[in-house]
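Undergrad: Provide a 3D model corresponding to the input given below.
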Amino acid sequence: MDKGLLAYLLIPLLSAVIIPFAARRRALLADILANVTLLAGLANIAWLALRPSVIQGGFADIPGDGFSLLLVGAVYLVALCVTFFSAWFMPEGQPNRAAYYSLLLVSVSAMTGVVTSTDFFTLYVFIEVLAVTSFALITTDESAGGIEGALKYFFLTFPASALIIVGVAVMLLSLGSLSFESLRIAMSAEAPAAAVTFSAALILLGFLIKSGVVPFHTWTPDAYQGAYAPVSAHLAGIVTKISGVYAIIKLATLLRFFDGRAQALSEMLMFLGMLSIAVGALAALRQTDFKRMLAFSSISQVGYIVLAAGLGTPLAVMGAVFHLINHATFKTVLFLNSASVEKATGTTDMDKLGGLEHSMPWTSWTSVVALLSTAGVPPLSGFWSKLLIILALWEAGLRGYAVMALLFSIVTLAYFMMMQKKVFFGKKGQAAESSAEVSAPLLAPAVLMCGIIVALGLLFPYFYTYVKVVAERIIL
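TA: Presented below is the predicted three-dimensional model:
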């Protein structure tokens, strides 16, 4: 484990233990402790990565491989937005308020553990801790939809855990070690042992299921739609990305796809990535529920990351890493806005909405920024990550994949414009008549994330330098 980042794992865990006792008499102390913990951590990470001396030095002084620090920052950022939003979203007197914040902080600690692990067993342990906390968080409001979504999440991702642990066992028997470095060295050999490649394939398959990649996506829309509204943003924004997509990128670099190793696994990943892009986008076109449409959109966007990871070249890895961060920003905005719409109107059925732009202008226009970034419209951040992925595919001679990735970005724009028209633009629906804009604290996380989306797009040369350093360190 990266000991330099250990504090980011231990401090939220300590806060999670303290909250139930501190908030026993004053429930609002749970809100304060959770938000202060995450804000302090995020400020510290920002100083580590963005202080002037580090930027001037071309990010050469960032600790470790840079990837872990970047993802810990993304975890803290999304979790802070969710906890701050939840503090104002939850009704006063919510009975399980302290438990909810404790679970959120445990999930932050588990995700930090995932991205700082240096061996497969530690990675597996933290992934399972994250799965258990996610299961509990989905049922926060104890609704029938939440319980159904949680059960589907548990039972459909259980086979993934079984595949991962079997893969880990086979790897231990064949390699004698579970460290990432051992796998990297084994794959550098002239002819890697078949058992090593087989074990990596089992682990990879498990993480593909946990990522919600097609055809293993059936749990994702139900879990996102049924989950407590702020938890949907937490799951879509960061949890499934850390519990599945991160490991896929990591494995792609360890298996040395960029050297033409494990070619069958590389081609399988690219095929499933492209399939996810297509199926997710086409399914999103047919949805009438706001959150369900966003869930299928999330499947499609994860497809871009998996496609790039499957290619595995330095440029593709840069695109995958950058799109992972972008996904955390724009999906958090869209899911938090769906929660605001649900709070203001009492529904997420798009057929009952319409004309909300007039009563909810801030929610409407932050959604526009996020959807344009998702579709890859310049100069927003999503444009640059998709451009890197498409260029990497084109450069590798995979022209068909490159063209399809571009075409489905247009489909993404089409279904999001349909969503914007149904929910915010057009004729006022029944729900819009009595709705009003949500309070400023509920808007603040979406506005912050939109600011980051715009900043990452406009300051792309700086972020490109950082991601290039990350790609070089995790590949070489």
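Undergrad: List phi and psi for residue 65.
TA: phi -90, psi 0 (degrees, to the nearest 10).
Undergrad: quick one: low-confidence parts of the stretch 351-476 of the chain?
TA: 426, 429-433, 476 (pLDDT under 70).
Undergrad: That one: strands as residue ranges?
TA: Taking DSSP state E, counting those that start in this stretch as the criterion, the stretch 351-476 of the chain contains no strands.
Undergrad: So which residues of it form helices?
TA: With DSSP state H, counting those that start in this stretch applied, the stretch 351-476 of the chain shows helices at 356-359, 361-375, 381-395, 399-423, 440-458, 460-475, listed in chain order.
Undergrad: Ok, the stretch 51-200 of the chain next?
TA: According to DSSP H, counting those that start in this stretch, the helices that the stretch 51-200 of the chain contains are 52-56, 67-89, 97-116, 120-138, 144-175, 180-187, 194-211.
Undergrad: who wins for proximity to residue 469 among those?
TA: helix 67-89 (9.6 Å; C-beta to C-beta). For glycine as for every other residue, the C-beta is placed from the backbone atoms N, C-alpha and C.
Undergrad: and the angle for that closest one with helix 460-475?
TA: Between helix 67-89 and helix 460-475, the angle comes out at 120 degrees (axes from the mean of the first three to the mean of the last three C-alpha atoms, to 10 degrees).
Undergrad: Determine how far helix 67-89 lies from the middle of the whole chain.
TA: Here helix 67-89 shows a centroid-to-chain-centroid distance of 11 Å under the convention C-alpha atoms, centre = their mean, to the nearest Å.
Undergrad: which other helices and strands contact it?
TA: Using 3 or more C-beta pairs under 8 Å, 6 or more residues apart in numbering; DSSP states H and E, the elements in contact with helix 67-89 are helix 28-50, helix 97-116, helix 229-234, helix 314-345, helix 440-458, helix 460-475.
Undergrad: Please tell me how far the closest residue to residue 306 other than its chain neighbours sits from residue 323.
TA: Nearest residue to residue 306, sequence neighbours excluded (C-beta to C-beta, 6 or more residues apart in numbering): residue 273, at 3.6 Å. For residue 273, the distance to residue 323 equals 11 Å [C-beta to C-beta, to the nearest Å].
Undergrad: Which neighbours do these two have in common?
TA: 304, 305, 308 (C-beta atoms under 8 Å, 6 or more residues apart in numbering).
Undergrad: so the first one makes contact with residue 390?
TA: When you say that, I think you mean residue 304. No: with contacts counted by C-beta atoms under 8 Å, residue 304 stays clear of residue 390, the gap being 9.2 Å.
Undergrad: out of those two, which sits in the busier spot?
TA: Applying other C-beta atoms under 10 Å to residue 304 and residue 390 shows that residue 304 carries more neighbours, namely 30 against 23.
Undergrad: quick one: what helix or strand has that one in it?
TA: Element membership for residue 304 (DSSP states H and E) is helix 290-311.
Undergrad: what helices or strands is that helix leaning on?
TA: Against helix 290-311 (3+ C-beta pairs under 8 Å, 6+ apart) you get helix 194-211, helix 219-226, helix 246-254, helix 263-285, helix 314-345, helix 381-395, helix 399-423.
Undergrad: In the first one, which residues are buried?
TA: Spelled out, that is helix 194-211. 196-197, 199-211 (16 or more other C-beta atoms under 10 Å).
Undergrad: Equivalent analysis for the fourth one, please.
TA: Residues of helix 263-285 classed as buried under the neighbour-count rule (16+ other C-beta under 10 Å) are 265-266, 268-270, 272-281, 283-284.
Undergrad: ditto for the fifth one
TA: Buried residues in helix 314-345, counting neighbours by 16+ other C-beta under 10 Å, are found at 314-342, 344-345.
Undergrad: okay, the angle between that helix and helix 440-458?
TA: Using the same axes, to 10 degrees, helix 314-345 lies at 160 degrees relative to helix 440-458.
Undergrad: From the chain's centroid, how far away is helix 314-345?
TA: On C-alpha atoms, centre = their mean, the centre of helix 314-345 falls 7 Å from that of its chain.
Undergrad: Okay, angle between it and helix 263-285 too, please.
TA: 30 degrees.
Undergrad: got it, and the second one?
TA: Compare the direction of helix 219-226 with that of helix 263-285 by the same axes, to 10 degrees and you get 40 degrees.
Undergrad: any idea how far the nearest residue to residue 450 once chain neighbours are set aside lies from residue 418?
TA: Leaving aside its sequence neighbours, residue 450 sits nearest to residue 369 (C-beta to C-beta, 6+ apart; 4.4 Å). As judged by C-beta to C-beta, residue 369 and residue 418 stand 17 Å apart.
Undergrad: what do you get for residue 266?
TA: Taken as C-beta to C-beta, the span from residue 266 to residue 418 is 35 Å.
Undergrad: before we move on, the earlier item: shared neighbours, residue 304 and residue 390?
TA: residue 405.
Undergrad: Which strands or helices does the worst-scoring helix or strand of the chain on mean pLDDT pack on?
TA: Taking mean pLDDT, DSSP states H and E as the measure, the helix or strand of the chain with the lowest value is helix 219-226, at a mean of 77. Here helix 219-226 touches helix 144-175, helix 290-311, going by 3+ C-beta pairs under 8 Å, 6+ apart.
Undergrad: Show me the contact partners of it.
TA: Contacts for helix 219-226 (C-beta under 8 Å, 6+ apart): 138, 143, 145-150, 152-153, 156-157, 212, 232, 235-236, 240, 289, 291-292, 294-296, 298-299, 335, 348.
Undergrad: Quick check on residue 397: phi, psi?
TA: phi 80, psi 10.
Undergrad: and it, how many residues sit next to it?
TA: 9.
Undergrad: which residues touch residue 386?
TA: 304, 319, 323, 376, 405, 409.
Undergrad: Can you pick out the most distant pair from these?
TA: 319 and 409 (13.0 Å).
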